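Undergrad: With the sequence up front, the predicted model follows.
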Amino acid sequence: MPKRINLYGTIVASDDAWLYEWFEMDHTTPRMISDQLAQADGDDVELYINSPGGDVWAGSEIYTALREYSGNVTAKVVSIAASAASVAMCGAKSVMISPTAQIMVHRSSTGAWGNKNTFDQTSQMLNSVDEGMVNAYEHKTGKSREELLALMDVETFLNAQQALENGFADEIMFAQTEKVAASAAAPLFSSEVMNKIKSKLIRENMFPGAPTASMEPEKPASIKAVTENKEETKIMDKNELEEKHPDLYAQITSEAKAAERERVTALQAYAKAPGAEQFVIEAIANGGTVQDVALKVMEASMKRASQEATNRALDAEDSKVDDVAAIEAKTPDAVKEEQKVNAAANMIAMAQKMKSKNGGRK
């Protein structure tokens, strides 16, 4: 049986995975794929893809790992393989796509800050990245570079049939069975109607195996103890609960203490992270969580990065560095640091959006 590997969520560099793990967001890194390929040890692999893309360098690393793998790799696009994910997909020996899925190709993009030389350098870099993506697409599809660049220019979405016609996919999943299923498996009633019928039969004790009134499940002991006296309607305070229901009080107290110990332990473990110590102290005192601290650390980091950028701009203006014709190219470390700052900024925005949507902490 083939080993299943999931390529789900945003494709990120292995060093940036911790950020997505803190917020429990789907992501895939080159290291995650490489480790699972090593475990497969030459056996057949099925790579399930549902990804909007992400870091093009990480996508290239995954593509290379798939091409190098000694066994057979079949990619299955179950939802979307976009941008960097479409590059990684091309590393598989064959590609299958769900009838409802999409493949998206476009030109690479990034941000830049500086004078015209910086933007010229950035433009050259993006053109080079696009050519690298075309290399993967050309090998997979057999189409000309001009045709592929034309598709990328307009950010093209390909449905299953179009992906097959253009060579991005080798087969549409379920193509041999969907006609039979459509004619033989169509239900007489929708699931909504079936659920309503089932509920009505259960209420009238007409559903096979439905519980009768005498079969009502016994309430848990803790709930039964509190509700046994139907005349007692007022809300009990802590002391009254301890006096009248000591076992329940002890259980609640024990669970609360355990939860508090876990919260404090998790915060103390995170205190060693750069810039986290003061936030951890405040969180322990105020009932905060590790997620709260992580968000504050990132916000502080972004403020520092923003201030540093402002300071650099002021220094450049004072020194008239823009008047100098030559410009030093960014080092790989500088580029990587810039990518981390951009990733953190994106994650903060997403976290704030999620927090406001779910109510957040007051």
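TA: All right, it came through fine.
Undergrad: how about the closest residue to Gln268 other than its chain neighbours, what does it touch?
TA: The shortest distance from Gln268 to any non-neighbouring residue, by CB to CB, 6 or more residues apart in numbering, is to Val280 (6.9 Å). For glycine as for every other residue, the C-beta is placed from the backbone atoms N, C-alpha and C. Residues near Val280 by CB atoms under 8 Å, 6 or more residues apart in numbering: Leu267, Gln268, Tyr270, Ala271, Val293.
Undergrad: The third one: neighbour count?
TA: For Tyr270, the tally of surrounding residues (other CB atoms under 10 Å) stands at 20.
Undergrad: can you check the fourth one too?
TA: For Ala271, the neighbour count with other CB under 10 Å is 15.
Undergrad: wait, isn't it in contact with Gln278?
TA: No - checked against CB atoms under 8 Å, the pair Ala271 and Gln278 is beyond contact range at 9.2 Å.
Undergrad: Which stretches in this structure count as strands?
TA: Secondary structure of the chain (DSSP state E): strands located at 3-8, 10-11, 27-28, 45-51, 73-82, 94-97, 102-105, 156-158, 171-172.
Undergrad: Let me have those in JSON lines, extended by distance to Glu299, mean pLDDT and mean neighbour count.
TA: What follows is these, written out as JSON lines (distance: least, CB to CB, whole Å; pLDDT from 0 to 100; neighbours: other CB atoms under 10 Å):
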{"stretch": "strand 3-8", "distance to Glu299": "27", "mean pLDDT": "98", "mean neighbour count": "18"}
{"stretch": "strand 10-11", "distance to Glu299": "21", "mean pLDDT": "96", "mean neighbour count": "26"}
{"stretch": "strand 27-28", "distance to Glu299": "21", "mean pLDDT": "97", "mean neighbour count": "24"}
{"stretch": "strand 45-51", "distance to Glu299": "27", "mean pLDDT": "98", "mean neighbour count": "22"}
{"stretch": "strand 73-82", "distance to Glu299": "29", "mean pLDDT": "98", "mean neighbour count": "22"}
{"stretch": "strand 94-97", "distance to Glu299": "40", "mean pLDDT": "98", "mean neighbour count": "22"}
{"stretch": "strand 102-105", "distance to Glu299": "32", "mean pLDDT": "98", "mean neighbour count": "21"}
{"stretch": "strand 156-158", "distance to Glu299": "35", "mean pLDDT": "96", "mean neighbour count": "17"}
{"stretch": "strand 171-172", "distance to Glu299": "46", "mean pLDDT": "96", "mean neighbour count": "16"}
